[in-house]
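S.K.: Take this sequence and fold it.
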Amino acid sequence: MAMHYSVGLDVSLEKTAVCVLDEDGAIMLERTVVSHPDDIALLLSPFTDKIKRVGLEAGPLAPWLYGGLTDKGLPAFCIEVRQMKAFAKASPVKTDRRDARLIAQAMRTGLFKATHVKTEYSQRIRLLLRHRQSMVRRNKDLINTVRGSLKAFGIRTGGGKNTLYARRVREAIDDPMLLAMTEPLLKAFEDGLHTLARIDKMLLEIVKQDAVCRLLMTVPGVGPVTALTFRTAVDVVHRFDNSRLVAAVFGLTPRIHSSGEMEQIGRITKSGDTMVRAMLYEAANVMMTRCRADNWLKTWALGVARRRGARKAKVALARKLAVVLHRMWRDGTEFCMEKPMPILR
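M.R.: Got it, this is the predicted structure:
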């Protein structure tokens with residue numbers, strides 16, 4: 001009977017610790033190589049035909065290494081970071097070599113949970129979405145800095161999201177020295193708005209060519225950014241057999257602690273993709289507060305708001321939006337304004 005080997009990779013930015021175990025758990029190879037698919041594949045070449053699994057933690061380099069290793073015919077698996085951290089806590093000693101050994105043991109025994117590695121299309125779009133998110137945060141920080149610093153001189157500027165804010169600040173400052181000190185931040189804010197406009201233009205061009213995004217945008221409150229964020233987060237619609245699992249993966253389901261006769265239901269788990277969770281909450285907020293046309297989702301959410309409060313209603317609506325959007329994508333059907341979808345009855 002042919003011997004099979006299991007491989008663990010502990011990846012860092014420059015170097016990767018590699019551990020190869022046989023079926024009995026004996027160490028066949030422990031080495032450190034450059035964090036590149038070619039170097040790792042070359043090191044594993046003596047075992048290539050007999051490797052059962054190659055495991056690596058999810059991380060910044062994981063998609064690139066995963067794609068490179070699978071292209072070379074290696075059976076690569078990406079593992080949840082939280083699971084490997086739980087394994088590592090069992091030992092008081094932490095080194096890259098030991099972590100690689102733990103990952104190899106998980107591959108050998110099958111005690112691991114593989115994570116989905118996004119397609120190249122989704123990875124590229126996520127890059128643009130992250131850049132947009134960074135620019136939004138940067139502009140928000142600039143506004144807060146200007147507002148906070150000018151309050152010390154009795155100047156109240158209020159908030160703003162466009163070039164009118166910079167104009168209003170300039171008009172409010174009558175001290176030439178203060179204006180000169182504030183002008184660099186205002187200029188940076190205006191430059192950020194121009195950058196955001198260019199990014200938004202690219203996103204709109206992508207949405208126009210993406211049939212899935214156009215379908216998801218038939219839901220009131222779901223705009224181009226939310227549609228693209230959800231589409232790239234799910235990536236492959238058939239990842240989920242049940243649409244309700246989508247809400248759980250994105251951390252929109254409540255924590256449950258059950259022991260004996262006691263059962264406690266807490267706040268949402270907030271696990272998984274932070275960006276898509278935030279965009280679904282924003283879509284829920286838009287639907288409840290800005291959309292004039294009534295639909296069954298809005299009516300349901302407003303009922304929850306009367307009983308439990310607006311904030312909990314928006315979280316509940318975000319959870320239901322995740323389920324509805326996935327079901328629409330899977331079935332290829334547009335949003336129905338009049339009645340609930342069968343899965344939610």
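
S.K.: What is the strand or helix carrying residue 232 packed up against?
M.R.: For residue 232, the host element (DSSP states H and E) is helix 224-234. Here helix 224-234 touches helix 120-151, helix 176-209, helix 211-216, helix 274-289, helix 310-331, going by 3 or more C-beta pairs under 8 Å, 6 or more residues apart in numbering; DSSP states H and E. Just so you know, the C-beta spots here come from the backbone N, C-alpha and C atoms, and that holds for glycine as well.

S.K.: again, 7 Å this time
M.R.: Contacts defined by 3 or more C-beta pairs under 7 Å, 6 or more residues apart in numbering; DSSP states H and E place helix 224-234 against helix 120-151, helix 176-209, helix 211-216, helix 274-289.

S.K.: Can you list the buried residues in the first one?
M.R.: Spelled out, it's helix 120-151. Neighbour counts over helix 120-151 (16 or more other C-beta atoms under 10 Å) mark 122, 125-126, 129, 132-133, 135, 139, 142-143, 146-147, 150 as buried.

S.K.: still on that earlier bit, got TSV for the helices and strands packed on helix 224-234, with mean pLDDT and distance to residue 85 too?
M.R.: Formatted as TSV, the helices and strands packed on helix 224-234 follow (pLDDT from 0 to 100; distance: least, C-beta to C-beta, whole Å):
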stretch	mean pLDDT	distance to residue 85
helix 120-151	95	24
helix 176-209	96	34
helix 211-216	97	34
helix 274-289	96	18
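
S.K.: Can you say which of the ones you listed is nearest to residue 31?
M.R.: The closest of the helices and strands packed on helix 224-234 to residue 31 is helix 120-151. By C-beta to C-beta, the value is 28.8 Å.

S.K.: can you state the direction angle for whatever helix or strand comes next after the closest one and helix 176-209?
M.R.: Moving toward the C-terminus from helix 120-151, the next helix or strand (DSSP H and E) is helix 163-172. Interaxial angle, helix 163-172 versus helix 176-209 (axes from the mean of the first three to the mean of the last three C-alpha atoms, to 10 degrees): 170 degrees.

S.K.: Check which helices and strands helix 163-172 sits against.
M.R.: Partner elements for helix 163-172 (3+ C-beta pairs under 7 Å, 6+ apart): helix 176-209.

S.K.: ok so, going back, and residue 251, which of the helices and strands packed on helix 224-234 is closest to it?
M.R.: Of all these, helix 274-289 sits nearest to residue 251, with 5.6 Å by C-beta to C-beta.

S.K.: and the angle for the next helix or strand after the closest one with helix 310-331?
M.R.: Counting by DSSP H and E, the next helix or strand C-terminal to helix 274-289 is helix 296-308. Helix 296-308 runs at 150 degrees relative to helix 310-331, counting by the same axes, to 10 degrees.

S.K.: quick one: contacts of helix 296-308?
M.R.: 284, 287, 288, 291, 312, 313, 316, 317, 320, 338, 339, 340 (C-beta atoms under 7 Å, 6 or more residues apart in numbering).

S.K.: at 8 Å instead, please
M.R.: Helix 296-308 is contacted by residues 219-220, 284, 287-288, 291, 312-314, 316-317, 320-321, 324, 336-340 when judged by C-beta atoms under 8 Å, 6 or more residues apart in numbering.

S.K.: which residues touch the residue lying closest to residue 213 once chain neighbours are set aside?
M.R.: Spatial nearest neighbour of residue 213, chain neighbours left out: residue 227 (4.1 Å); criterion: C-beta to C-beta, 6 or more residues apart in numbering. Contacts for residue 227 were tallied using C-beta under 8 Å, 6+ apart; they are 207, 212, 213, 214, 216, 217.

S.K.: neighbours of the fourth one, just the number please.
M.R.: Neighbourhood size, residue 214 [other C-beta atoms under 10 Å]: 14.

S.K.: In TSV, list the helices and strands packed on helix 224-234 along with distance to residue 102.
M.R.: Shown next, in TSV, are the helices and strands packed on helix 224-234 (distance: least, C-beta to C-beta, whole Å):
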stretch	distance to residue 102
helix 120-151	27
helix 176-209	40
helix 211-216	38
helix 274-289	27
